[in-house]
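Student: need a structure here:
(2 chains)
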Amino acid sequence: MSRILLTNGRVIDPSQPLDRITNLLIEDGHISGYDVSPHEDFQVIDASGHIVAPGLVDLSCQLREPGCEEDETIETGTAAAVAGGFTSIVCLPNTEPPIDSQASVEFIRQKVARAGNCHVFVAACVSKDRAGKELAEIGALVEAGAVAFTDAPQPIQNSELLRRAFEYCLMFDKPIFSHPEELSLSHNGIMHEGRISVVLALAALPAEAEDVMASRDLRLAEATGGRLHLLNVSSAGSVEQIRRVKARGGQVTAGVVPPNLFLTEDCLRSFDANCKVNPPLRSQDHVDACIAGLVDGTLDVISSGHTPRALEKKMRELDRAPFGMVALETTLSLINTRLIQPGHLDWLSALAKLSTNPARVLGINKGTLRIGADADIVIIDPRARWTVDPSRFRSKSVNTPLAGWELQGRVVQVLVAGQCKLPIATDFPKNQAACAE
Amino acid sequence: MSTNVREIQPGQVPPFPENWHRRHLLDLESLTADELRTVFDTALAFKQATDGFRVKLPVLQGRTCANLFFEDSTRTRNSFSLAARRLGADTVEFTASGSSVKKGETVIDTARNIEAMNVHVMVVRHSTPGTPHLLAQNVGCGVINAGDGPHEHPTQGLLDILTIVEHRGSCEGLTVALVGDIAYSRTARSNIWGLKKLGAHVIVCGPSTLVSRHWRDYGVEVAYSLDQVLPRCDVLNLLRIQFERQRTRPFPSVREYALLFAMNRERMARAKPSILILAPGPINRGVEVTPDVADGPHSVILDQVTNGVAVRMAVLWLVAGACERAA
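Tutor: Model prediction:
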């Protein structure tokens, strides 16, 4: 029997809720006890001065395999996840072919098992071939293990199809992840419409393109009783609409990604394609609205929005370069540096949004350190400072404008089902607490 | 104008300006008023030194200027070629059609290949904003933006403003209206920044679908009625409607546009007697401006074209010189 004791860590578990310094015992891959004293049979990991929390859960991540392995593979993507403290990630179905069949879900599960890094849950297509025309075989996909349905990063334009999808998913109690964007308003857009897009003359993605679709999605979810999770909310208008729906008891959940919390439209002044993301970097008032939404609970989830894209695709003219930013390895440190340290969120509420809440959206038994739960754990040094160097990412791609940023807080160890996952490889250059013998 | 410009004799090379260090000319937004004046002084000096373009001034002999036009152009491309040849430079012409772009080569690779032919200055036109900036970061030679989509067209802005300066002595205190398709006009953006830095009051005037209210954030007056602002204007710059860039037509018909914004005889009667009419061309006669106004006594449209060559000579020489001094 394998027994690991994490000693003297500050254990923070939003699911109980719990925030105190204690010893945590793991037996055979499960949480088995608190306040346990060291014993010669235990493998001991000293977590003094560190935070011990449920492993992070990401609802919005692209792994790109099969079909787009130049951007990321399941092996590199899950390694990046672990390096960033994530123990469970949801992969979006924008692969080639898209994840719209039992066979493709099975392919992913096999690749994930072979990589052996972290848990991967599949968000499968709502529509066949992600074409937005007819429903994918949702029942069969649920049987294969899909936990959510989405055509993201493509929005579902056909309202009738979305309504049907909400109704149909009721049978399986699965959420629909929506990327709200009205394409007739955002067509070919590159950046947020506002005072910077006017100067740069770049085609614009106005906030209304998101507001209008968020409104439709919310209305259809309420009308059908379907489960809606709005991925990657970025506009003040959609935050306000979600707040109103929640105030009258609506069951919606919503997430936000780091670029929309920490970067603004001004970044595009450099014409750096790494700043071309969707939803776009908006103006400060939208950023402030998203942070306010996180603080008051309107936004339940922080996702990474990890969107790896090969260097040669990003080194193009801005209209030809694809959207996206890699994020798995910077999300936790960014949240600490820019939200927790300045006092917008405390660790308990931040970890709720990074772990417990996303697990609840999926209805999976993750994001908790209750006795009996899987020992998916992240150990964080909240004071360690480091400088972002994309060349050291585990991800295959380096598309981020954050190179050179100094961040505070980093992952020192990750356990997935009770197994220490760091260092990932022998050449892993980062500073981790080793598992003691 | 500095006085020494007028003292330049034909064939005489002006001294290289101390305050010019830019290896690229990508936009007018980042130029200082001093740098703008340096370009104008140099352009006027070249006009003198070439005796009104009658003699060559071989200051760029042995250097090569490449025109990389990923988007069609006749006027600007020929103007740059002519300017380069008058300075004694060799020129290389590259156009997107019949090139490796059609075979899938990236814009950076194309530019690096052209540069490898020992090119000193690259003149780039592209339909996407920021592409000259991207190339400037990825090649070693000087890069001049000859129009990046609707973003900027710095040499057009310079030649427009030089034309105003020649006719009025300065921009200080002038009210200049840019009329028409502000949203899709690179000429508008370059004019706005250049004119404002030199002390002009700038009005952007056109259909409300093509004139963003955000321009007010930059100290630019936003107007939707030409008739209201016309009596105050010292200069009108009539911008071409960029039909090819518009996704949905921003006004119901060309007829309606002309009714509201075309500069015609009736409107001329209500303008200041000293008004200057500029148009960056190519003009849609009858849409932005009627022929009698375009060819009338207030029009300086052909002066603009002449100044275009002078400005481009100046910019080529300044950019090439800065590159050589940095090397």
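Student: Can you check the pLDDT for the residue of the stretch 101-250 of chain B found nearest chain A?
Tutor: Closest residue of the stretch 101-250 of chain B to chain A, Cβ to the nearest Cβ: residue B:130 (3.1 Å). All C-beta spots, glycine's among them, are computed from the backbone N, C-alpha and C. For residue B:130, the model assigns a pLDDT of 97.
Student: Ok, residue B:4 next?
Tutor: Looking at residue B:4, the pLDDT reads 57.
Student: again with the one 3 residues further on
Tutor: Reported pLDDT at residue B:7 in the predicted model: 75.
Student: Run through the residues that contact it.
Tutor: Going by Cβ atoms under 8 Å, 6 or more residues apart in numbering or on different chains, residue B:7 touches no other residue.
Student: What's the separation between it and chain A?
Tutor: Separation of residue B:7 from chain A (Cβ to the nearest Cβ, to the nearest Å): 39 Å.
Student: Report the separation between that residue and residue B:50.
Tutor: Note on residue B:7: its distance to residue B:50, by Cβ to Cβ, to the nearest Å, is 15 Å.
Student: And stretch A:148-162, end to end?
Tutor: Terminal residues of stretch A:148-162 lie 14 Å apart, using Cα to Cα, to the nearest Å.
Student: again with stretch A:289-304
Tutor: Stretch A:289-304 has an end-to-end distance of 19 Å (criterion: Cα to Cα).
Student: need the residues of the stretch 301-437 of chain A near chain B, please.
Tutor: Applying Cβ under 8 Å from any Cβ of the partner chain, we find that the stretch 301-437 of chain A lies next to chain B at A:312, A:315, A:316, A:317, A:318, A:319, A:320.
Student: Mind picking the two most distant members of the residues you listed?
Tutor: The widest separation within those, taken as Cβ to Cβ, falls between A:312 and A:319 and amounts to 16.0 Å.
Student: More neighbours: which of the two?
Tutor: Between residue A:312 and residue A:319, counted using other Cβ atoms under 10 Å in any protein chain shown, the more crowded position is residue A:319 (19 against 11).
Student: Excluding covalently adjacent residues, which one is nearest to the residue of the stretch 251-400 of chain A found nearest chain B?
Tutor: In the stretch 251-400 of chain A, the residue that lies nearest chain B is residue A:271 (3.1 Å; Cβ to the nearest Cβ). Of all residues not flanking residue A:271 in the chain, residue B:130 sits nearest, at 3.1 Å (Cβ to Cβ, 6 or more residues apart in numbering or on different chains).
Student: How many residues are close by that neighbour?
Tutor: By other Cβ under 10 Å, 28 other residues sit near residue B:130.
Student: What of residue B:169?
Tutor: 10.
Student: thinking again about what came up before, how about the backbone phi and psi for the residue of the stretch 251-400 of chain A closest to chain B?
Tutor: phi 60, psi 30 (degrees, to the nearest 10).
Student: What is the neighbour count of residue B:134?
Tutor: Neighbour number of residue B:134 under other Cβ under 10 Å is 25.
Student: Which neighbouring elements make contact with the helix or strand that contains it?
Tutor: In this structure, residue B:134 sits in helix B:131-138 according to DSSP states H and E. For helix B:131-138, the packing partners by 3 or more Cβ pairs under 8 Å, 6 or more residues apart in numbering or on different chains; DSSP states H and E come out as helix B:107-115, strand B:121-126, strand B:142-148.
Student: May I see those arranged in a markdown table, with distance to residue A:136 and mean pLDDT as well?
Tutor: Listed next are the helices and strands packed on helix B:131-138 as a markdown table, based on distance: least, Cβ to Cβ, whole Å; pLDDT from 0 to 100:
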| stretch | distance to residue A:136 | mean pLDDT |
| --- | --- | --- |
| helix B:107-115 | 38 | 92 |
| strand B:121-126 | 40 | 97 |
| strand B:142-148 | 42 | 97 |
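Student: isn't residue B:73 right next to residue B:155, touching?
Tutor: No: Residue B:73 is beyond contact range of residue B:155, at 11.7 Å (criterion: Cβ atoms under 8 Å).
Student: which residues are common contacts for those two?
Tutor: Common neighbours of residue B:73 and residue B:155 (Cβ under 8 Å, 6+ apart) are residue B:146.
Student: okay, the two: which has more neighbours?
Tutor: residue B:155 (27 against 16).
Student: What residues of the helix holding residue B:134 count as buried?
Tutor: B:131, B:132, B:133, B:134, B:135, B:136 (16 or more other Cβ atoms under 10 Å in any protein chain shown).
Student: If you drop the residues flanking it in sequence, what lies closest to the first one?
Tutor: In other words, residue B:131. residue A:317 (4.9 Å).
Student: What strand or helix carries that neighbour?
Tutor: Residue A:317 belongs to no helix or strand, assigned by DSSP H and E.
Student: what's the burial count for it?
Tutor: For residue A:317, using other Cβ under 10 Å, the count is 22.
Student: ok, stretch B:111-118 near chain A or not?
Tutor: No: using Cβ under 8 Å from any Cβ, stretch B:111-118 never reaches chain A; the gap is at least 11.4 Å.
Student: remind me which residues of chain A are low pLDDT?
Tutor: A:425-437 (pLDDT under 70).
Student: Mind doing that once more with 80?
Tutor: Applying pLDDT under 80 to chain A flags residues A:1, A:424-437.
Student: start to end distance for stretch B:235-249?
Tutor: 28 Å.
Student: domains of chain B?
Tutor: Annotated domains of chain B cover B:17-152+B:306-326, B:154-304 [automatic domain parsing].
Student: Quick check: nearest residue in space to residue A:378, chain neighbours excluded?
Tutor: residue A:85 (4.1 Å).
Student: re earlier: export the residues of the stretch 301-437 of chain A next to chain B to a markdown table and tack on distance to residue A:205?
Tutor: Below are those laid out as a markdown table (distance: Cβ to Cβ, whole Å):
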| residue | distance to residue A:205 |
| --- | --- |
| A:312 | 24 |
| A:315 | 22 |
| A:316 | 18 |
| A:317 | 17 |
| A:318 | 13 |
| A:319 | 13 |
| A:320 | 16 |
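Student: number of nearby residues for residue B:72?
Tutor: Applying other Cβ under 10 Å, we find 12 residues neighbouring residue B:72.
Student: so who does it touch?
Tutor: Residue B:72 makes contact with residue B:95, according to Cβ under 8 Å, 6+ apart.
Student: Please report phi then psi for it.
Tutor: phi -60, psi 150.
Student: What pLDDT is listed against it?
Tutor: 84.
Student: Repeat that for residue B:78.
Tutor: 94.
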